[in-house]
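J.: need a structure here:
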Amino acid sequence: MKRNSFITSFIVTGISFYFVGLIAPGIKFDNTLSIIIAALIFAFVNALIRPVFVFLSLPLLFITLGLFIFVINGLMLEIVSLIVPGFHVASLWDAVFASIVLSIINLIIKGVFIGNRT
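T.: Next up is the predicted model:
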């Protein structure tokens with residue numbers, strides 16, 4: 001991954017985390033620093049741990065036509081909440097809902113502000 005794309009992804013994830021904290025009822029951030037740290041740790045968790053979870057759950061992903069990915073993303077949010085002080089997730093289902101909201105917000109931000117760069 002290029003450095004610029006990592007920085008862009010980090011900024012988009014940070015902005016998305018802010019909005020998820022406002023929208024999702026079980027997701028809370030104590031301050032702005034916890035949002036920044038959570039976005040950074042989330043990037044590393046997605047790069048290192050998430051592929052293992054995806055590989056191990058391929059049968060479930062196949063059966064659910066890919067919808068199980070939201071559960072995996074929710075688990076990644078739970079892992080990040082265990083690592084980052086100031087980032088609180090109430091339950092796994094709140095994390096799953098937050099992962100759906102996070103995906104939608106990321107899609108909107110990337111579509112509107114980043115566009116189709118080639």
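J.: What's the separation between residue 47 and residue 33?
T.: Using Cβ to Cβ, to the nearest Å, residue 47 is found at 22 Å from residue 33. Every C-beta, even on glycine, is put in place using the N, C-alpha and C of the backbone.
J.: can you give me the strands for the protein?
T.: 27-29, 87-89 (DSSP state E).
J.: isn't residue 102 right up against residue 73?
T.: Yes: at 7.2 Å, residue 102 and residue 73 qualify as touching, with contact defined as Cβ atoms under 8 Å.
J.: Looking at these two, which one has more neighbours?
T.: residue 102 (25 against 21; other Cβ atoms under 10 Å).
J.: Which residues does the longest helix anywhere in the chain contact?
T.: Ranked by number of residues, the top helix in the chain under DSSP state H is helix 3-23. Applying Cβ atoms under 8 Å, 6 or more residues apart in numbering, the contact partners of helix 3-23 are 1, 27-29, 35-36, 38-40, 42-43, 98, 101-102, 105-106, 109-110, 114.
J.: Just give me the neighbour total for the spatially closest residue to residue 78 that is not a sequence neighbour.
T.: Leaving aside its sequence neighbours, residue 78 sits nearest to residue 95 (Cβ to Cβ, 6 or more residues apart in numbering; 5.1 Å). When neighbours are counted by other Cβ under 10 Å, residue 95 registers 25.
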